[in-house]
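> A predicted structure for the sequence below; I have some questions about it.
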Amino acid sequence: MSSYLILKSIHMIAAYLTVVLFSLRLLLDAVGRPNWRDTPLRWIPHANDTVLLVAAVSLLFVTPWMPFVNGWLTAKIFLLVGYIVAGVFAMKATLSLQVRVLASVLALVQITAIFHLAINKPF
């Protein structure tokens, strides 16, 4: 199997895991189980996101795609930054429920847009 297919598979699996882990932590907060912050669920998403980022950067080296040249990839990068910021606000236990819900929705919308761009590469 080529390095591209291996990296793409790793990247895709890590991307799906990112959404699952983010959603799981949101769900645990929503049902009143904030104790997840005292479990490995606190750091596992960070380890997974590191794998995701390393795979993404590695893909740039084995493909002709270039950030800030390919429009869909540029949009993904900006959406990723937005997702990270919104995700930080969504996970912050000290913020009001309204702010956290709004940030959660914004983060999920942005991750949906990232997946759309990744699958369709529309521009």
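Great, that's in hand.

> going forward, measure contacts between C-alpha atoms and count neighbours the same way
Will do.

> quick one: contacts of stretch 68-86?
65-67, 103-104, 106-108, 110-111, 113-114, 117-118, 121-123 (Cα atoms under 8 Å, 6 or more residues apart in numbering).

> Show me what counts as buried in it.
71-73, 75-76, 79-80, 82-83, 86 (16 or more other Cα atoms under 10 Å).

> Return the distance of the closest residue to residue 62 other than its chain neighbours relative to residue 119.
For residue 62, ignoring the flanking residues on the chain, the nearest one in space by Cα to Cα, 6 or more residues apart in numbering is residue 4 at 6.3 Å. According to Cα to Cα, to the nearest Å, residue 4 and residue 119 sit 16 Å apart.

> Show me which of the two is the more surrounded one.
Per other Cα atoms under 10 Å, whichever of residue 4 and residue 119 has more neighbours is residue 4, with 16 against 9.

> just to revisit the earlier point, filter the contacts of stretch 68-86 to the buried ones?
Neighbour-count burial within these applies to 103-104, 106-108, 110-111, 113-114, 117; the criterion is 16+ other Cα under 10 Å.

> Looking at the residues you listed, which is nearest residue 47?
Nearest to residue 47 among those is residue 111, at 18.1 Å by Cα to Cα.
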